[in-house]
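Colleague: requesting a structural model of the entry that follows:
(one chain, ligands or ions: 1)
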Amino acid sequence: MKVTVDERGYYGSFGGAFIPEMLYPNVEELRVNYISIIENENFKIEFERLLATYVGRPTPLYLASRLSEKYGAKIFLKREDLCHTGAHKINNTIGQIILAKHLGKQKIIAETGAGQHGVATATVCALMGMECIVYMGKLDMERQKPNVERMRILGATVIPSLSGSMTLKDATNDAMRHWISHPADTHYIIGSVVGPHPYPDMVARFQSVISMEVKNQLIAREGNPYPDYVVACVGGGSNAAGAFYHFVEEDHVHLVGVEAAGKGIDSGESAATTVLGKPGILHGSKTLLMQTADGQVIEPYSISAGLDYPGIGPLHAHLCNSGRVQFLSATDDEAMVAGIELSRMEGIIPAIESAHAVAALVQLPFEQDDVVVVNLSGRGDKDLETYIRWGKY
Ligand SMILES: *Cc1c(COP(=O)(O)O)cnc(C)c1O
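Modeller: Next up, the predicted model:
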């Protein structure tokens, strides 16, 4: 099983670039150039330097001893929550902004739902002195005020999207429209392993630093680079893609993606795409998405804003259909209980997205000496309101 796209930008039958004619030149410029830029020695030096000195990599691989005792296996937490800005998303925005510079772009646009990708983008634009415009649904701006203000403090312009449901998909449409009318000087930073080729492959490559580090850290700790399990939550799928990347071709490593079941798979309020979704086109690629019989996208739901997405990246659609990755889900309640448990047992308050990965541990048949890596994608500071509203602690 390969982790990279074929020459047409597909993972098996998923992926590709389904875009309006007007967007073709922008995406084509990226497609033709991205590999040679990423593999250029100057790019690598700058990317690695910023990951080390600015993001704080390598992030620790922490043996969670009380959690290990509870689940009867060696549970390691990959601490992406300790990255600058509090989650893995900055690995990708650092990569893309250096790429944008190599392409000669001066301006950056992005879309954001909960605001986490917008903050990670505004951060790297400040770092590089580049102009930053972030499109965000008006409704999302009201729901995520602190992140709107973070972006503004960082110098970004946040533009409310006023069409449709005034949420992520409308912000995405506005960002696309902006990009079409400013092709020469602007790069569009997409925040997960979604969108038209080459975005899924490009973002997965930037996030693959996670599994590269895990391998090195496991060699030092266990004398063996290969864990028995890698577990990660899946919204669009970028932290999972990064955590799985260097293990996909090693069939003996059990890979587990955890989706948000919301109020329950059959409740009508869920984001468990691999169970509820069917093949279709979403945000420029062919993938699995939740849709009605006549192809209308179904509004997803999760208590966690980062998992509240109606699709998954095409890589994950392929890994799911081929059986290489086992997909599980955790409900809102299960994730909240797991988030409190991790706080109490290890002194780590996780992002509610990451708590979904922890919540899936009870569903896995570990044996005593199994080495399990849970990708802790982010920290819980942003979710304090949700923890308080949940209240059961
Ligand atoms: C955005 C986010 C996610 C979901 O995005 P992926 O692309 O699936 O990784 C998960 N965890 C955290 C902390 C996030 O901010």
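Colleague: for stretch 380-391, how far is the first residue from the last?
Modeller: Distance across stretch 380-391, first residue to last, is 15 Å (CA to CA, to the nearest Å).
Colleague: hmm, Gly277 is touching Met290, no?
Modeller: Yes. The pair Gly277 / Met290 is scored as a contact, 5.0 Å apart, by CB atoms under 8 Å. To be clear about C-beta, it is placed using only N, CA and C from the backbone, and glycine gets the same treatment.
Colleague: list residues touching both of these two?
Modeller: 310-311 (CB atoms under 8 Å, 6 or more residues apart in numbering).
Colleague: residues in the stretch 101-250 of the chain within reach of the ligand, list them.
Modeller: Neighbours of the ligand within the stretch 101-250 of the chain, by CB under 6 Å from any ligand atom: 116, 192, 233-240.
Colleague: how about CSV for those, with neighbour count and pLDDT added?
Modeller: Output for those, formatted as CSV (neighbours: other CB atoms under 10 Å; pLDDT from 0 to 100):
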residue, neighbour count, pLDDT
Gln116, 26, 95
Ser192, 27, 97
Cys233, 34, 98
Val234, 35, 98
Gly235, 32, 96
Gly236, 27, 96
Gly237, 32, 98
Ser238, 30, 98
Asn239, 31, 98
Ala240, 36, 98
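Colleague: want to throw those into TSV with secondary structure?
Modeller: As requested, these are arranged in TSV below (DSSP: H, G, I helix; E, B strand; the rest coil):
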residue	secondary structure
Gln116	helix
Ser192	coil
Cys233	strand
Val234	coil
Gly235	coil
Gly236	coil
Gly237	coil
Ser238	helix
Asn239	helix
Ala240	helix
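Colleague: want to throw the residues you listed into a markdown table with distance to Glu46?
Modeller: A markdown table is the format used below for those (distance: CB to CB, whole Å):
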| residue | distance to Glu46 |
| --- | --- |
| Gln116 | 24 |
| Ser192 | 23 |
| Cys233 | 29 |
| Val234 | 30 |
| Gly235 | 28 |
| Gly236 | 26 |
| Gly237 | 26 |
| Ser238 | 21 |
| Asn239 | 23 |
| Ala240 | 26 |
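Colleague: quick one: residues contacting the residue of the stretch 251-393 of the chain found nearest the ligand.
Modeller: Distance from the ligand to each residue of the stretch 251-393 of the chain (CB to the nearest ligand atom) is smallest for Gly378, at 2.4 Å. Contacts for Gly378 were tallied using CB under 8 Å, 6+ apart; they are 80-81, 86-89, 116, 306, 350-351, 353-354.
Colleague: can you list which of the residues you listed are found in helices?
Modeller: Taking DSSP state H, the ones among those that sit in helices are 89, 116, 353-354.
Colleague: circling back: would you point out the most distant pair within the contacts of Gly378?
Modeller: Lys89 and Pro350 (15.1 Å; CB to CB).
Colleague: the helices in the stretch 101-250 of the chain, which residues?
Modeller: Secondary structure of the stretch 101-250 of the chain by DSSP state H, counting those that start in this stretch: the helices cover 116-128, 138-143, 145-153, 168-181, 199-207, 209-222, 238-244.
Colleague: returning to that earlier point: beta-bridge partners for the residue of the stretch 251-393 of the chain closest to the ligand, please?
Modeller: Ala87 (DSSP bridges).
Colleague: so which bits of stretch 153-163 are buried?
Modeller: Neighbour counts over stretch 153-163 (16 or more other CB atoms under 10 Å) mark 154, 156, 158-161 as buried.
Colleague: err, stretch 358-374, not the other one
Modeller: 358-361, 364, 366, 370-374.
Colleague: so which of the helices of the stretch 101-250 of the chain is the most packed in?
Modeller: helix 238-244 (a mean of 31; mean count of other CB atoms under 10 Å).
Colleague: the following helix or strand past that one packs against which elements?
Modeller: Past helix 238-244, further along toward the C-terminus, the next helix or strand under DSSP states H and E is strand 254-262. Packing partners of strand 254-262 (3 or more CB pairs under 8 Å, 6 or more residues apart in numbering; DSSP states H and E): strand 229-233, helix 273-276, helix 314-321, strand 325-331, helix 332-346, helix 352-359.
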